[in-house]
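Asker: Structure of the sequence below:
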Amino acid sequence: MNEVMDGATSLPGVILFWLWWVFLTFLEAATRVKDTEDQTQPTQAMADAAIEDGTTHTGIARILRFDPAFDLDMFLCGARHAYETIVDAFAAGDMEKLEPLVSKEVLAVFAEDYVARTSRGESVDLTLISVESIDIVQMNVAETSMEVTLRFHAQIIWVERSAEGLIVSGNPAEIIDVAETWTFARPIPVPGKAWVLVATSG
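Answerer: Got it, this is the predicted structure:
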């Protein structure tokens, strides 16, 4: 009888413990979801705006066939970082920093421009203020590579100076809006190599 009473007495405690465990489990899961949303928020808006048309959906589906790990949010975040790094390195003529981020053809064009600039004694001061938005222009899968073309909308301060230090173009006190179309590519089959810049246009 005492054993039955002890079991009955402990039952509410068991129920309370179980309810508390369920609450903690739910709280932990909700926290993980919130953290995930916070991490993706900066690029999620870009992704949502970019995939309104069916063409982009089709392009993503094609890329996923060859690269199941492809994630649009991560790609856009990486592309933004690449844009910032490449723009700064190009202005500074830092070919070492550019080499792993661009194709050999693009690197050769950048190097040629830098050599011509320095041979004339000219210099460029460039300050990237911000990348305002990124639009997806096209997503293609060819026989040997995957390509994604993006349109970057940015704000910069650009000043080009002559050998005498005189301003040839630009204004150090003026922020200008620029829009550039860049194409990133990755070979098929997908190796360990990251996406690289293969083409640019204004």
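Asker: buried stuff in whatever helix or strand Leu197 lives in?
Answerer: Secondary structure assigned from DSSP states H and E places Leu197 in strand 196-201. Of the residues in strand 196-201, those scored as buried under the neighbour-count criterion (16 or more other CB atoms under 10 Å) are Val196, Leu197, Val198, Ala199, Thr200. All C-beta spots, glycine's among them, are computed from the backbone N, C-alpha and C.
Asker: And stretch 169-184, by the same measure?
Answerer: Counting neighbours by 16+ other CB under 10 Å, one finds that the buried residues in stretch 169-184 are Gly170, Trp182, Thr183, Phe184.
Asker: I'd like the residues you listed laid out as a markdown table, including secondary structure, pLDDT and distance to Arg151.
Answerer: Written out in a markdown table, the entries for those read as follows (DSSP: H, G, I helix; E, B strand; the rest coil; pLDDT from 0 to 100; distance: CB to CB, whole Å):
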| residue | secondary structure | pLDDT | distance to Arg151 |
| --- | --- | --- | --- |
| Gly170 | strand | 93 | 22 |
| Trp182 | strand | 98 | 8 |
| Thr183 | strand | 97 | 11 |
| Phe184 | strand | 98 | 12 |
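Asker: What is the nearest of these to Gly78?
Answerer: When these are ranked by distance to Gly78 (CB to CB), Phe184 comes first, at 8.9 Å.
Asker: which residues touch the nearest residue to the closest one once chain neighbours are set aside?
Answerer: Once its chain neighbours are removed from consideration, Phe184 has its nearest residue in Trp195; the separation is 4.3 Å (CB to CB, 6 or more residues apart in numbering). Residues counted as contacts of Trp195 (CB atoms under 8 Å, 6 or more residues apart in numbering) are Phe75, Gly78, Ala79, Ala82, Val148, Phe184, Ala185, Arg186.
Asker: now Val87
Answerer: With contact set as CB under 8 Å, 6+ apart, Val87 has these partners: Leu126, Leu128, Ala154, Ile156.
Asker: burial count for the last one?
Answerer: For Ile156, the number of neighbouring residues by other CB atoms under 10 Å comes to 18.
Asker: Please report how far it lies from Phe110.
Answerer: If you measure Ile156 against Phe110 using CB to CB, to the nearest Å, the figure is 17 Å.
Asker: and if you look at the first one?
Answerer: Separation of Leu126 from Phe110 (CB to CB): 13 Å.
Asker: same check, this time on the third one
Answerer: Using CB to CB, one gets 18 Å for the distance from Ala154 to Phe110.
Asker: now stretch 100-109: mean pLDDT?
Answerer: Averaged across stretch 100-109, pLDDT comes to 96.
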